[in-house]
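Undergrad: turn this into a model:
(one chain, ligands or ions: 2)
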Amino acid sequence: SIPPAAAQLPTPPDVIRCAYAELVVTDLQRSRWFYTELLGLVVTAETEDALYLRAFEEYLHHSLVIRRGPVAACAKLAYRVRTPRDLDLAEEYYRALEVPVRRVPAGTTKGIGEAVQVEDPLGFPVEFFHDAEHVERFTQRYDLHGAGAISRLDHFNVVTPDVPAARRYYEGLGFKVSEDIADSEGTVYAAWMYRKPTVHDVALTGGDGPRMHHIAFATHERSQILHLCDHLGAVRRSDHIERGPGRHGVSNAFYLYLLDPDGHRIEIYTHDYYTGDPDNPVITWDVHDNQRRDWWGNPVVPSWYANASTVLDLDGDPRPVVERRDAREAEVTIGADGFSYTRRDEVEQGFKVGHQV
Ligand SMILES: O=S(=O)(O)c1ccc(O)c(O)c1
Ligand SMILES: [Fe+2]
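TA: Numbers count the residues shown, from 1 in each chain. Ligands and ions are numbered 1, 2, ... in the order given. You can find the predicted model right below:
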């Protein structure tokens, strides 16, 4: 269900940034290796069925919860709001959107204060909170960091069938578009939207949804991403690498996509750009530009377009997905009839990137 026009809605909550995700995993110890031994995330707390993890620059209790469960899924995408009062605004805003809303007391999620949980109009389980327990910030604990140190959570990427509708919903929450991918007929394939002054807190990927495409963490340097690749090679777990390393066209970030033991996609990302001025220009990419998703023109592996994580509703049940009706990026850019170009003057020849599958 897509919201009524923003004009009729009450004041939205003041979202600061994406703040934490909760992923359901089927084997907690197997996942513990991936998120702590490989990625080096810090264990803030551990219970019988969950791990609460944070990156080195984070002082809130966690930015990722991994919880044991029967079916791998994304259980929550949480945003931090600026004041406790914003919880009232969130509750009012989502009740006006006529979607399921739950106000939960502090401690419902370990380390997190009172929160408002909703099933947003796109079908995602989203939480808004302000208060959270402060824990030690390991910004300069270089004795703990390791060569692949991850600094902080950077963004969520969600798969949704109608990107323009999803964009309107997030614009209603005060998010702005930094970049998008479209074609000459006006079909929009993806959009990147932000509240914090970076390229995105959430990216909208056109496809069957609601599904969670990836959760991204930021490092400070490309060398840390390369170390993670070398680490995976050294322990003969290189099959956790799905795509990259490489340089994105959109966002200009250096990237690596990993698949965790349940197939949840985790991006390690660095080096995007500042978007904090009010007149930050929007960058629109042509869907046929072969450098849009990889600046060096490397192909996007088909699994990156096809696969994403199931999301749960507020009762913990998997959400059915709605099929995308608009054209699909993988179909218009690779495969039998798809094409991309490197140089614009080759478009007329329907230039096909030979090396793309
Ligand atoms: O592949 S894209 O260059 O479109 C891209 C840009 C930024 C991201 O965070 C991402 O996941 C993908
Ligand atoms: Fe990303």
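Undergrad: got any ranges where the stretch 201-350 of the chain has weak pLDDT?
TA: Counting by pLDDT under 70, the ranges of the stretch 201-350 of the chain that qualify are 347-350.
Undergrad: just the strands in it please.
TA: Listed in chain order, the strands found in the stretch 201-350 of the chain under DSSP state E, counting those that start in this stretch are 202-206, 211-218, 241-247, 254-259, 265-270, 283-286, 309-310.
Undergrad: what's the most buried one of those?
TA: strand 202-206 (a mean of 26; mean count of other CB atoms under 10 Å). To be clear about C-beta, it is placed using only N, CA and C from the backbone, and glycine gets the same treatment.
Undergrad: tell me how far that strand lies from the chain's centre.
TA: 8 Å (CA atoms, centre = their mean, to the nearest Å).
Undergrad: given it, what are its sheet partners and their directions?
TA: Strand 202-206 sits in its sheet next to strand 152-160 (parallel), strand 188-194 (antiparallel), going by DSSP bridges.
Undergrad: packing partners of the very next helix or strand once past the longest one?
TA: Downstream of strand 152-160, the first helix or strand assigned by DSSP states H and E is helix 163-172. In terms of contact count using 3 or more CB pairs under 8 Å, 6 or more residues apart in numbering; DSSP states H and E, helix 163-172 is assigned the packing partners strand 176-182, strand 188-194, strand 202-206.
Undergrad: quick one: which of the strands paired with strand 202-206 is nearest I225?
TA: I225 lies closest, by CB to CB, to one member of the strands paired with strand 202-206: strand 152-160, at 12.5 Å.
Undergrad: next, the buried residues of the closest one.
TA: 152-160 (16 or more other CB atoms under 10 Å).
Undergrad: and for stretch 41-61?
TA: Applying 16+ other CB under 10 Å to stretch 41-61 flags 41-42, 44-45, 50-58, 60-61 as buried.
Undergrad: against R343, how distant is the residue in the stretch 51-200 of the chain that ligand 2 sits nearest to?
TA: Nearest residue of the stretch 51-200 of the chain to ligand 2, counting by CB to the ion: N157, 4.8 Å away. Distance, N157 to R343, by CB to CB, to the nearest Å: 29 Å.
Undergrad: tell me which strands and helices the lengthiest strand in the chain is in contact with?
TA: When the chain is parsed with DSSP state E, its longest strand is strand 15-25. Identification of packing neighbours for strand 15-25 by 3+ CB pairs under 8 Å, 6+ apart yields strand 64-68, strand 73-81, strand 152-160, strand 211-218.
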